[in-house]
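**Q** Following is a predicted model, sequence given first.
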Amino acid sequence: MQKIEHAVANQAGVNSVKVLFNASKVKTEYDDQLTSADTLKTAIEQLGYDVQNVKVKAI
C-alpha cells in the first residue's frame with residue numbers, strides 16, 4: 001500500500017493519493033497538464049501490480 005502511494009505521489013502534478021486496498025482501488029487528484037492517468041498506471045504496473053481499468057473524472 002505504501003509503495004503504491006509513494007510511487008504515485010512522486011509523479012509530477014499529483015496532489016493527493018489514497019489507496020483503498022480492500023476495494024483494490026487507487027484514487028488520486030492530479031494536474032492533467034503535468035501527468036496523465038496512463039503515466040500513473042505505468043508507475044503502479046512497474047511495482048508489479050496489475051491495473052485492470054482506469055476511470056478519470058474531471059473536477
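**A** Happy to help now that I have it. Numbering: from 1, shown residues only.

**Q** where do the strands sit along the chain?
**A** Assigned by DSSP state E, the strands in the chain fall at 14-20, 25-30.

**Q** Can you pull the poorly scored residue ranges out of this structure?
**A** Scanning the chain for pLDDT under 70 picks out nothing.

**Q** which residues are in contact with stretch 51-58?
**A** 37-38, 41, 44-45 (Cβ atoms under 8 Å, 6 or more residues apart in numbering). (Each C-beta comes from the backbone N, C-alpha and C, glycine too.)

**Q** Out of those, give me the one that has the most neighbours.
**A** I44 (18 neighbours; other Cβ atoms under 10 Å).

**Q** pretty sure that residue contacts V26?
**A** Yes - using Cβ atoms under 8 Å, I44 makes contact with V26 at a distance of 6.8 Å.

**Q** Need the residues touching each of those two.
**A** Both I44 and V26 are contacted by 4, 8, under the criterion Cβ under 8 Å, 6+ apart.

**Q** ok so, going back, out of the strands of the chain, deepest packed?
**A** Highest mean neighbour count among these (mean count of other Cβ atoms under 10 Å): strand 25-30, with a mean of 16.

**Q** which residues touch it?
**A** The contact list for strand 25-30, computed with Cβ under 8 Å, 6+ apart, reads 4, 8, 11, 13-20, 40, 44, 59.

**Q** Rebuild those residues as JSON lines, extending it with distance to D50.
**A** Shown next, in JSON lines, are the contacts of strand 25-30 (distance: Cβ to Cβ, whole Å):
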{"residue": "I4", "distance to D50": "12"}
{"residue": "V8", "distance to D50": "15"}
{"residue": "Q11", "distance to D50": "19"}
{"residue": "G13", "distance to D50": "24"}
{"residue": "V14", "distance to D50": "21"}
{"residue": "N15", "distance to D50": "25"}
{"residue": "S16", "distance to D50": "23"}
{"residue": "V17", "distance to D50": "18"}
{"residue": "K18", "distance to D50": "19"}
{"residue": "V19", "distance to D50": "15"}
{"residue": "L20", "distance to D50": "16"}
{"residue": "L40", "distance to D50": "14"}
{"residue": "I44", "distance to D50": "9"}
{"residue": "I59", "distance to D50": "27"}
